[in-house]
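> Fold the stuff below for me.
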Amino acid sequence: MVLIVADDLSVLDLATYGAGAVAVPTPNIDRLARRGLIFRRGYSTASVCSPSRAALMTGQYQQRHGFEFLTPEGVDGGGAGLASTQRVFAGDLREVGYRTAMIGKWHLGASPDRTPTARGFDYFFGFLSGETAYVRAGTPGTTSISAPYVGARSFERRVDWVQVFQDWAGDNREPELVANDQAYLTDELTREAIRFIDESDPRPYFLYLGHLAPHAPFQALDADLSRFSSIEDPLQRTYASMIHALDRSVGAVLDVIERSPDGDNTIIIFTADNGAATYMGISDCDALAGGKLSYFEGGARVPYIVSWPRRWPRGQSDERVVSQLDIAPTLLSAAGVQTGRSYDGLDLSPMVQPERADEVIHETLFWRTGSEFAVLAGDWKLLSNTRPGAFPWLFNLSDDPEERSSQTFARREVVADLQRRYEEWNAQMQPPAWPASQTIQVFQCGRISFHEQ
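Just a heads-up that it's a prediction; the model follows:
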């Protein structure tokens, strides 16, 4: 089992999804799609990193445990992150004989009880924070580009919590610093992932490869930049190069799996934690509204490709609504693990079989971040907030995928129904376990978004 998670990546960034004015050619992600199933309406549970990853790793809405905002930066992540009640499904896989590794970005807590090796992974190689440098600024053969809202932040790994470490569970040793910050991060994580897959160990494995790409800081290899000389804007050119490096990583992982004896029985999932940071001018706003920090489709909808040749259809698309909440129960079921816990997601394997292709997978999905909330039921999408004087926006995504024309007053009965569903769901959730550190206002895709994080 291999779960590959990109960071701040839109479906519109990938030629694989066949949309987007600035989509990057992604031949290896195309290969993965031909090997599996593309979900056209896959959703994350948050529009920023930490909360969506909490749901991804547990199969439960992060608000059930108060994980609503980003974990604070700092040596121990402010003592925030995964609660003891949040069970990471890697631990269940390890208990039935899987070897488990987390390589890349964690961002679910940095105190000793919240690191990957304390939460179900045998091995960790990566960083605990929300971002780090891809490469030390000024390294020959690389380019670093400042960007709006980011500037030159993170071009150097200057503090402990953005360093790259490796750590083994149960060895009673402190994590070891990986000091090679002149190696390009995307490629370095890929090499480590391949090393783990290639280990001569007969046990099945679960690999969580959490790439930073194409999240800021914007740094690329000059060899990759040369492929995109036709893009005039240097920031957009760098962004495209970072996606190209991500696609190269997917290809390297595919290569090592396809030459293995169990290649056709290896599940590979490719997704992203949330949509692109369109407010930086790096992605596309034409086909979907909004982006990261919003619950418009550009912020909540993500790439979502699943490949399991032995059991799943190959080279097909699925237009049904699925959630990253489904990943944990799907993988646990594939491994034959019954935990006795309840999940907000579903095992997708039965649902993708031809005889069930017309069944609805999720009737309703919910989002909440501070005062902002959203509800999706079929093609109806409600976006609102609890600030005084606010009123909801209602969109029909089949008629209006760009979310340009609100139906709030024309379809008041739909608004009332979705509002009722949200209130019932919200009553089951917990308040935030720690406060937001800031509220951000951004203008993206012709919309103003306010986001607490």
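> In the protein, spot the helix with the most residues.
Ranked by residue count, the top helix of the chain under DSSP state H comes out as helix 234-258.
> What pairs with whichever helix or strand comes after that helix, parallel or antiparallel?
As assigned by DSSP states H and E, the chain's next helix or strand after helix 234-258 is strand 268-272. When pairs are called by DSSP bridges, strand 268-272 turns out to pair with strand 2-6 (parallel), strand 304-307 (antiparallel).
> Which element is encountered next along the chain beyond the shortest one?
The first helix or strand that comes after strand 304-307 along the chain, using DSSP H and E, is strand 316-323.
> so what strands line up beside that next one?
Here strand 316-323 has these sheet partners by DSSP bridges: strand 37-43 (parallel).
> re the thing from before, quick one, which of the strands paired with strand 268-272 gets closest to Arg237.
strand 2-6 (18.6 Å; Cβ to Cβ). Backbone N, C-alpha and C define where each C-beta goes, glycine included.
> the inter-axis angle of that closest one versus helix 234-258?
180 degrees (axes from the mean of the first three to the mean of the last three Cα atoms, to 10 degrees).
> Tell me the buried residues in strand 2-6?
Neighbour counts over strand 2-6 (16 or more other Cβ atoms under 10 Å) mark Val2, Leu3, Ile4, Val5, Ala6 as buried.
> wait, what's in contact with the first one?
Counting by Cβ atoms under 8 Å, 6 or more residues apart in numbering, Val2 touches Ala193, Ile197, Phe206, Leu207, Leu209, Val253, Ile257, Thr266, Ile267, Ile268, Ile269.
> Of those residues, which is the nearest to Glu363?
Ile269 (22.9 Å).
> list the contacts for the most centrally placed residue in the chain?
Closest to where the C-alpha atoms of the chain average out (Cα atoms, centre = their mean) is Asp273, at 1.7 Å. By Cβ under 8 Å, 6+ apart, the contact set of Asp273 is Val5, Ala6, Asp7, Asp8, Ser44, Ala46, Val48, Cys49, Ser52, Arg53, Leu56, Val302.
> Make sure the second one is actually in contact with Leu209.
Which is Ala6. No - between Ala6 and Leu209 there is no contact under Cβ atoms under 8 Å: 9.7 Å.
> Now do the helices for the chain: every range, in order, please.
Going by DSSP H, the chain shows helices at 27-35, 49-58, 89-95, 185-197, 222-225, 234-258, 297-300, 327-334, 412-426.
> And those helices: which comes nearest Asp13?
Closest among those, using Cβ to Cβ: helix 234-258, at 5.8 Å.
> between the contacts of Asp273, which is nearest Tyr343?
Nearest to Tyr343 out of the contacts of Asp273 is Leu56 (Cβ to Cβ; 12.0 Å).
> Would you mind confirming that Thr115 makes contact with Phe127?
No - applying Cβ under 8 Å, one finds Thr115 not in contact with Phe127, separated by 11.1 Å.
> who touches both of the two?
Trp106.
> out of the contacts of Val2, which are buried?
Ala193, Ile197, Phe206, Leu207, Leu209, Val253, Ile257, Thr266, Ile267, Ile268, Ile269.
> Check what pLDDT the third one gets.
We note a pLDDT of 98 for Phe206 in this prediction.
> Looks like it contacts Ile103 (just checking).
No - contact criterion Cβ under 8 Å: Phe206 and Ile103 do not qualify, at 11.4 Å.
> Can you give me the buried ones in stretch 32-50?
Buried residues in stretch 32-50, counted by 16+ other Cβ under 10 Å: 32-33, 35-50.
> Actually, stretch 156-170.
Within stretch 156-170, the residues that count as buried by 16+ other Cβ under 10 Å are Glu156, Arg157, Trp161, Val162, Gln163, Val164, Phe165, Asp167, Ala169.
> and if you look at stretch 404-422?
Applying 16+ other Cβ under 10 Å to stretch 404-422 flags Ser406, Gln407, Thr408, Val414, Val415, Asp417, Leu418, Gln419, Arg421, Tyr422 as buried.
> contacting residues around the last one?
Right, Tyr422. Taking Cβ under 8 Å, 6+ apart, we find Tyr422 in contact with Phe366, Phe373, Val375, Leu382.
> number of nearby residues for the first one?
Same thing as Phe366. 23 (other Cβ atoms under 10 Å).
> so which pair among the buried residues of stretch 404-422 is furthest apart in space?
Taking Cβ to Cβ, no two of those sit farther apart than Ser406 and Arg421, at 18.4 Å.
> Pro329 against Ser349, yeah?
No - look at Pro329 against Ser349 with Cβ under 8 Å: they stay out of range, at 9.6 Å.
> Looking at these two, which has the bigger crowd around it?
The residue with more neighbours, out of Pro329 and Ser349, is Pro329; 23 against 18, by other Cβ under 10 Å.
> gap between the more buried one and Arg311?
15 Å (Cβ to Cβ, to the nearest Å).
> For the strands paired with strand 268-272, give me TSV that also has distance to Met280.
Output for those, formatted as TSV (distance: least, Cβ to Cβ, whole Å):
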stretch	distance to Met280
strand 2-6	16
strand 304-307	23
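> Export those as CSV, with columns for mean pLDDT and distance to Asp358.
Listed next are the strands paired with strand 268-272 as CSV, based on pLDDT from 0 to 100; distance: least, Cβ to Cβ, whole Å:
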stretch, mean pLDDT, distance to Asp358
strand 2-6, 98, 28
strand 304-307, 98, 19
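> Can you tell me which of these is nearest to Pro175?
Nearest of these (Cβ to Cβ): strand 2-6, 21.2 Å.
> Kindly calculate the angle that the closest one makes with helix 49-58.
Going by the same axes, to 10 degrees, strand 2-6 makes 170 degrees with helix 49-58.
> any low-confidence regions in the stretch 201-350 of the chain?
The stretch 201-350 of the chain contains no residues with pLDDT under 70.
> ok, so what distance separates the residue nearest to Ser398 when sequence neighbours are not counted from Ser406?
Once flanking residues are discounted, Ser398 sits nearest to Asp379: 4.2 Å by Cβ to Cβ, 6 or more residues apart in numbering. Applying Cβ to Cβ, the value for Asp379 to Ser406 is 14 Å.
> Asn426 too?
22 Å.
> about what we covered before: name the nearest of the buried residues of stretch 156-170 relative to Arg237.
Glu156 (22.4 Å).
> pretty sure that closest one is in contact with Ala137, am I right?
Yes - between Glu156 and Ala137 there is a contact under Cβ under 8 Å: 6.2 Å.
> so where do the strands sit in the stretch 301-450 of the chain?
All strands of the stretch 301-450 of the chain, identified by DSSP state E, counting those that start in this stretch, fall at 301-302, 304-307, 316-323, 365-369, 372-377, 380-385, 393-396, 439-444, 447-452.
> Of all these, which one is nearest Ile231?
strand 439-444 (19.8 Å).
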